[in-house]
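> Got a predicted model here, sequence first, then my questions.
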Amino acid sequence: MGAGVRRVVRFLVSLAVLVVASFAMVHLIPGDPVRSSLGPAAPVELVEARRAALGLDRPLPEQLLTYVTGVLSGDFGTSFLTGEPVGEVIVIRLPNTLALALLATGLALLVAVPLGMWAAVRTENGRNRGTDLTFSAATGAAVAVPEFLYAIGLVAVLAIGLGWFPPAGMAGPGTYVLPVLALAVGPAAMIARVSRVETLRELGKDYMRLARAKRLPAARLHLRHLLPNTLTATLTVGGLLLSSLIAGGVLVEYVFAWPGLGLKIVESITQKDYPVAQGVILVYGAIVLVVNLAVDLVLGALDPTSAIKET
Amino acid sequence: MTSLGAGPEPATRRGRSRPAGWLRGNVPGAAGALIVAGMVALAVVGPLVWGEAAARIDAAAILQGSSSEHPLGTDNLGRDLLARVLVAARYSLLLALAATLVGASAGVVLGTLPSVLPRRAARLATGTVNALVAFPGLLLAMFTAVVTGLGARGAVLGIGVAIAPGFARLTQTLAATVAGSDYVAAARMLGVSRRRVLTRHVLPNIAEPLILNLTQAFGGALLGLAGMSFLGLGVQPPQFDWGRLLFDGFPRIYLTPEVALGPAAAIALAGIGFNLLGDALARAAARTPAVGERPPPPPATGPAGEPDPGAVLEVRDLTVSFPGGLTPVRGLSLTAAPGEIVGLVGESGSGKSLTAAAIGGLVPYPGTVAYTALRLGGRDVATLPDRELGTELAMVFQDPLAALNPALKVGGQLAEVAVVHEDAGRAEARRRAVDRLGRVHLPEPGEVAGRHPHELSGGMRQRAVIAMGLMGTPRLIIADEPTTALDVTVQRQILRLLREVADETGAATLFISHDIAVVGELCDRVVVMYAGRVVEELPAGRLAAGAAHPYTKALIASLPDLDTDRSQPLAGIPGTQPAPARVGPGCAFAPRCALATERCESERPELAAHGGDGRRVACWEVK
């Protein structure tokens, strides 16, 4: 079995587990989710009617089957509160969430990969201790501050203080700047560290000595010989960060009132709108799985030796 | 962190067990420790000192901004926000501690399961952990929050669940390393049960790194909980942690941003503190000593003198030194004529490879190179433009797979020499690359040019590296142990190719090897190095009969030949070569030399002409 096929199989198994887990989530809630959602004052008939409408009075295996066939045909149920189909909510909001995540990942990679390489070249073999310390401390601190604090700080300074950007909402390119920045800082610091470590590792190898012996200009030495060899590991981290960035987007969307899935999931959990929470968590999980599969497959295609390394 | 090649000094290893040891010289780690200590102190005394102020309701002062009385303003009941931020430290840290303990215990159990479960179940456990690790913690925490409902309990469980997979993975990895070690294998062979192996041998040995990682996990838990509370999914009133204070303050950011500032700063500071300390702790196990000293000033160099007209390569008084008084190459001189192959031979550590690196301008920082003359074609190497050095100097290293860039096609790596240094067009450069690959006798050179290095065999790779040196107009080829990594039949072919290249191009070759037999076979002239100095120089043909230095003689005597009695152990040279820092004032070989006299111990013999045909030797006992 080829490495690619094995990865796809692993992906499908994980996806199946995820669907079952999201189904189980609502059933794991202690007591009756409908009662808990409608509140203790709701009349018994309403609760019973809602239970019947949701199929919660049927046997569990039948419910699971209905749920799985529903998910496969794009039917994620309807919101307790608004009666909107959950699938529709997802289709409208997903692109807004993905736009933030992709823009932030792109920005982080563009800034962080060259930054990490520069730091590595400057600090190779322990020279320029000052740069080394500054870089480590700055990226270490940047990684340690959560994205929602960057978001709040950016709103306070650039939106409210200086009035350069709108503080919230989604309307036009200007509104993207602050959320994307807030999301990108932490991952950028992380990628810069990985890029530096990878670059340092490659700088010590014989092919770099030989390339130096060929007296290649610095640009060619670093961009053509060094970069491709550091990129695999860096992109892996970048890809894996993309999924954590999608999750971090929840908090950033909340700060900027961004009309994405993240804001919706917070609202639905607070309001006990379980079908929405269930559907959105399932979609988030699926995105993470798809991203990780894509990273695996892209890396397999990029790295000419990975076919040998794959175990 | 990069290793400088030196193993960890005993001093560093001793220092690792004491906190002061690993924190010394580690500014970020020390700063982290300081912040964490401050946070813990605040958690202890905060509620005692400011508890009353934080709870005092003042109807006359609701929703105020910053004032001298309330530096961070007041909340909707008129309570002082600065006091509330200071008081909230205890609850925030306690919740994070609880979540960390939940996550770490669950993770360690999950991570050790594979070592006690039967094979199939173990694989399932491993697979589950691997799948969960890929999931963002916040997503797992929200899933748990849906099930448990809003509140601190749900958030702690959720963050605990989010931390667990990382710990499980770490435990698995560490346990697998320990399980592979000899003492565990020995315990297994003695019939110790798997459970007992786990509790007696595996867990105690992985406890330290796990505990070190707890600090980082704690920082993560703190931030995760703050996030959950900030979203309104965590701590609910009347309880409050920093996240909850931020949740309350955030809507007021338009009018009084300072009310959000306090809790935000507290969260950021705590996050940074625990992360920096955790980072330092997690790395404590893998620290390498830093290079502190500056390299010594290069020794004074004499006048360079006139270039030797007959030499392509002319080295005079070459010295390579490193910080700490290490001088692996001392006052080395040698020359090489066109078409000549000069063998540089010596034990490992004799400085021969650093000599090659110095000639090629590749001595790594912080090494320094000094010389009275280092000339290629009669001109000082330091003044040669890259364009000329890049085409006239070729280098061949020991491991051809490592020497070729794994990401680039072989043809491209050759062609770039012509593109960069000779402004050749792409097509012309590629045509020449294919031609050179053919000249080193690679079959179907056009196809080889289109392949990646890992698709070639070891011998083919070394041929490709040699072909790379032929792209320009090589005047000097430095081959550093070029056949050591190859198998014996391929070695012969590469040696023959080097001879052929030297004859055809007229380039001088500096052939570096520890194998005096190979050197004797291939080279025209042999230069023997010992402890950073040349001890003898002679024509290769005279090796067997004309060697004068006791070290050279010992090297030759240690070679097995057809007459060697195979039932006897191979003859070696007793003793070891002194380290560069331990060379005394006399002859470095004296401690191992049978002929050594008192003079040899105290006074170093200079290299002096001996007999005819350009032989030189540095030994008091050679008359």
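Sure, I can see it. Residues are numbered from 1 along each chain as shown, chains lettered A, B, ... in the order given.

> Now the helix or strand B:Ala185 falls within - C-alpha only, PDB.
Assessed by DSSP states H and E, B:Ala185 sits inside helix B:182-189. Below are the C-alpha coordinates for helix B:182-189, written out as PDB (Å, rounded to 0.1, in the frame of the first residue of the first chain):
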ATOM      1  CA  ASP B 182      19.900  -2.300  27.900                       C
ATOM      2  CA  TYR B 183      18.800  -2.400  31.500                       C
ATOM      3  CA  VAL B 184      15.200  -2.700  30.600                       C
ATOM      4  CA  ALA B 185      16.000  -5.500  28.100                       C
ATOM      5  CA  ALA B 186      18.000  -7.100  30.900                       C
ATOM      6  CA  ALA B 187      15.000  -6.900  33.300                       C
ATOM      7  CA  ARG B 188      12.800  -8.400  30.600                       C
ATOM      8  CA  MET B 189      15.200 -11.300  30.100                       C
END
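
> can you give me the offset of whatever helix or strand comes next after that helix from its chain's centre?
Note on helix B:182-189: by DSSP H and E, the next helix or strand toward the C-terminus is helix B:194-196. Relative to the centre of its chain, helix B:194-196 is centred 36 Å away, using Cα atoms, centre = their mean, to the nearest Å.

> residues in contact with helix B:194-196?
B:115-116, B:187 (Cβ atoms under 8 Å, 6 or more residues apart in numbering or on different chains). Where C-beta positions appear, they are placed from N, C-alpha and C, glycine not excepted.

> ok, how many other residues are close to residue 221?
Since no chain was named, I'll use chain A. 19 (other Cβ atoms under 10 Å in any protein chain shown).

> that's the wrong chain, I wanted chain B
Neighbours of B:Ala221 using other Cβ under 10 Å come to 30.

> Who are the contact partners of it?
Contacts of B:Ala221 by Cβ under 8 Å, 6+ apart are B:95-97, B:99-100, B:103, B:159-160, B:163.

> In terms of helices and strands, where is whatever residue of the stretch 501-623 of chain B ends up closest to chain A?
When scored by Cβ to the nearest Cβ, the stretch 501-623 of chain B has B:Leu510 as its residue closest to chain A, at 13.0 Å. Assigning secondary structure by DSSP H and E places B:Leu510 in strand B:508-513.

> what's the following helix or strand after that strand?
helix B:516-522.

> And the next helix or strand past that following helix?
Next along from helix B:516-522, by DSSP H and E: strand B:525-530.

> That next one pairs with which strands, and in what direction?
strand B:341-345 (parallel), strand B:533-539 (antiparallel) (DSSP bridges).

> Export these as CSV, with columns for mean pLDDT.
Below are those laid out as CSV (pLDDT from 0 to 100):
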stretch, mean pLDDT
strand B:341-345, 93
strand B:533-539, 91
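
> Out of those, indicate the one that is most buried.
Most buried of the strands paired with strand B:525-530 by mean neighbour count (mean count of other Cβ atoms under 10 Å in any protein chain shown) is strand B:341-345; its value is a mean of 25.

> now that one against strand B:508-513, angle please.
30 degrees (axes from the mean of the first three to the mean of the last three Cα atoms, to 10 degrees).

> With just CA atoms, put strand B:341-345 into PDB.
The C-alpha trace of strand B:341-345 is given here as PDB (Å, rounded to 0.1, in the frame of the first residue of the first chain):
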ATOM      1  CA  ILE B 341      49.200  14.700  -6.100                       C
ATOM      2  CA  VAL B 342      50.400  15.500  -2.600                       C
ATOM      3  CA  GLY B 343      49.200  13.200   0.100                       C
ATOM      4  CA  LEU B 344      48.600  14.700   3.600                       C
ATOM      5  CA  VAL B 345      48.600  11.800   6.000                       C
END
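
> Which elements pack onto the helix or strand just after that strand?
Note on strand B:341-345: by DSSP H and E, the next helix or strand toward the C-terminus is helix B:352-359. Here helix B:352-359 touches strand B:313-322, strand B:326-336, strand B:341-345, strand B:476-480, strand B:508-513, going by 3 or more Cβ pairs under 8 Å, 6 or more residues apart in numbering or on different chains; DSSP states H and E.

> how deep is the closest residue to chain A within the stretch 1-150 of chain B tucked in, by neighbour count?
For the stretch 1-150 of chain B, the residue closest to chain A is B:Pro136, as judged by Cβ to the nearest Cβ, at 3.3 Å. Counted with other Cβ under 10 Å, residues neighbouring B:Pro136 total 22.

> quick one: contacts for it?
B:Pro136 neighbours (Cβ under 8 Å, 6+ apart): A:243-244, A:246-248, A:288.

> Just the buried ones among those, please.
A:243-244, A:246-248, A:288 (16 or more other Cβ atoms under 10 Å in any protein chain shown).

> Keep those, but drop any that are not near chain B.
A:243-244, A:246-248, A:288 (Cβ under 8 Å from any Cβ of the partner chain).

> would you turn those into a markdown table with pLDDT?
Below are those laid out as a markdown table (pLDDT from 0 to 100):
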| residue | pLDDT |
| --- | --- |
| A:Ser243 | 75 |
| A:Ser244 | 77 |
| A:Ile246 | 80 |
| A:Ala247 | 78 |
| A:Gly248 | 81 |
| A:Val288 | 85 |
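
> With B:Thr112 as the reference, measure out to the closest residue to B:Ala373 other than its chain neighbours.
Once flanking residues are discounted, B:Ala373 sits nearest to B:Arg316: 3.9 Å by Cβ to Cβ, 6 or more residues apart in numbering or on different chains. As judged by Cβ to Cβ, to the nearest Å, B:Arg316 and B:Thr112 stand 64 Å apart.

> Over to A:Tyr284?
Using Cβ to Cβ, A:Tyr284 is found at 30 Å from B:Thr112.

> can you check B:Arg123 too?
Distance from B:Arg123 to B:Thr112, by Cβ to Cβ: 15 Å.

> what does A:Pro33 give?
Looking at A:Pro33 against B:Thr112, where the rule is Cβ to Cβ, the gap reads 35 Å.

> Show me what the closest residue to B:Tyr371 other than its chain neighbours bridges to in the sheet.
Nearest residue to B:Tyr371, sequence neighbours excluded (Cβ to Cβ, 6+ apart): B:Leu318, at 4.6 Å. Under DSSP bridges, the beta-bridge partners of B:Leu318 are B:Leu332.

> so the top helix by length along chain B versus helix B:182-189, what angle?
What stands out as the longest helix in chain B, according to DSSP state H, is helix B:81-116. In terms of direction (the same axes, to 10 degrees), helix B:81-116 departs from helix B:182-189 by 50 degrees.

> other SSEs contacting helix B:81-116?
By 3+ Cβ pairs under 8 Å, 6+ apart, helix B:81-116 packs against helix B:27-55, helix B:119-133, helix B:152-179, helix B:194-196, helix B:203-230, helix B:242-249, helix B:258-284.
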